[in-house]
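Enquirer: Sequence unavailable; structure follows:
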């Protein structure tokens, strides 16, 4: 069980409907459940479509749907970010979401695990590096172990990861975030 009473929040780092990131987040949630940890999935597909206009800057606090997502994060100490690679980095919608959260306290002194996935051979390594830089700036503590799932579509089908190494890495990392 986690050291805090709040569940681990698994963030799907894209707003693409029916994304591979969502499928991997659900897989990861199953591993956490098997290890006795509670978790919640926050899928960016549920962001208000106009949140960059209706919830940021002079409109901070005015979009109830965004406020509900934001309040979930305020009561969370641990996160798992499942992040696809988009154009050599992480999705802009994830950056806009992070930018819409209260600065500097949304992630300060909290903990995160990073999982990257891609259709290429890098497994979103650069995307995770970029995201880690942002989290370092915000005071988030990230696990050293980053899971990189290269060519994920070749290794995932019907809720099963067929690559034994990928399965092992996710299980190891899930155990680490629980005890982090």
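Expert: On my side now, so go ahead. Everything numeric in this text was worked out from a predicted model, so none of it was measured.

Enquirer: Pull out the buried positions in stretch 114-128.
Expert: For stretch 114-128, a neighbour-count test (16 or more other CB atoms under 10 Å) marks 114, 115, 116, 117, 118, 122, 123, 124, 125, 127, 128 as buried. No exception for glycine: its C-beta is placed from N, CA and C like everyone else's.

Enquirer: Next step: those restricted to strands.
Expert: 114, 115, 116, 117 (DSSP state E).

Enquirer: For these, work out which two are farthest apart.
Expert: 114 and 117 (10.9 Å; CB to CB).

Enquirer: Mutual contacts of the two, please.
Expert: Counting by CB atoms under 8 Å, 6 or more residues apart in numbering, the contacts common to residue 114 and residue 117 are residue 83.

Enquirer: Distance of residue 7 relative to residue 161?
Expert: As judged by CB to CB, to the nearest Å, residue 7 and residue 161 stand 23 Å apart.

Enquirer: can you pull out the strands in the chain?
Expert: Using DSSP E, strands in the chain cover 8-12, 39-43, 78-84, 111-117, 141-149, 156-157, 160-161.

Enquirer: could you redo those strands as a markdown table and give each row mean pLDDT and distance to residue 30?
Expert: Shown next, in a markdown table, are the strands of the chain (pLDDT from 0 to 100; distance: least, CB to CB, whole Å):
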| stretch | mean pLDDT | distance to residue 30 |
| --- | --- | --- |
| strand 8-12 | 98 | 11 |
| strand 39-43 | 97 | 9 |
| strand 78-84 | 98 | 12 |
| strand 111-117 | 98 | 14 |
| strand 141-149 | 98 | 15 |
| strand 156-157 | 96 | 13 |
| strand 160-161 | 96 | 11 |
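
Enquirer: Would you point out which residue is most central in the chain?
Expert: residue 81 (1.7 Å; CA atoms, centre = their mean).

Enquirer: wouldn't it be in contact with residue 114 here?
Expert: Yes - between residue 81 and residue 114 there is a contact under CB atoms under 8 Å: 5.3 Å.

Enquirer: joint contacts of these two?
Expert: residue 131.

Enquirer: What distance do you get for the closest residue to residue 113 other than its chain neighbours to residue 87?
Expert: Once flanking residues are discounted, residue 113 sits nearest to residue 177: 4.2 Å by CB to CB, 6 or more residues apart in numbering. As judged by CB to CB, residue 177 and residue 87 stand 27 Å apart.

Enquirer: With neighbour numbers in mind, choose between those two.
Expert: residue 177 (25 against 8; other CB atoms under 10 Å).

Enquirer: got a list of what that one touches?
Expert: Listed by CB under 8 Å, 6+ apart, the contact set of residue 177 reads 8, 78, 80, 111, 112, 113, 143.

Enquirer: For the strands of the chain, could you give me JSON lines that also reports distance to residue 62?
Expert: Below are those laid out as JSON lines (distance: least, CB to CB, whole Å):
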{"stretch": "strand 8-12", "distance to residue 62": "23"}
{"stretch": "strand 39-43", "distance to residue 62": "20"}
{"stretch": "strand 78-84", "distance to residue 62": "25"}
{"stretch": "strand 111-117", "distance to residue 62": "28"}
{"stretch": "strand 141-149", "distance to residue 62": "31"}
{"stretch": "strand 156-157", "distance to residue 62": "39"}
{"stretch": "strand 160-161", "distance to residue 62": "41"}
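
Enquirer: Thanks a lot, catch you later.
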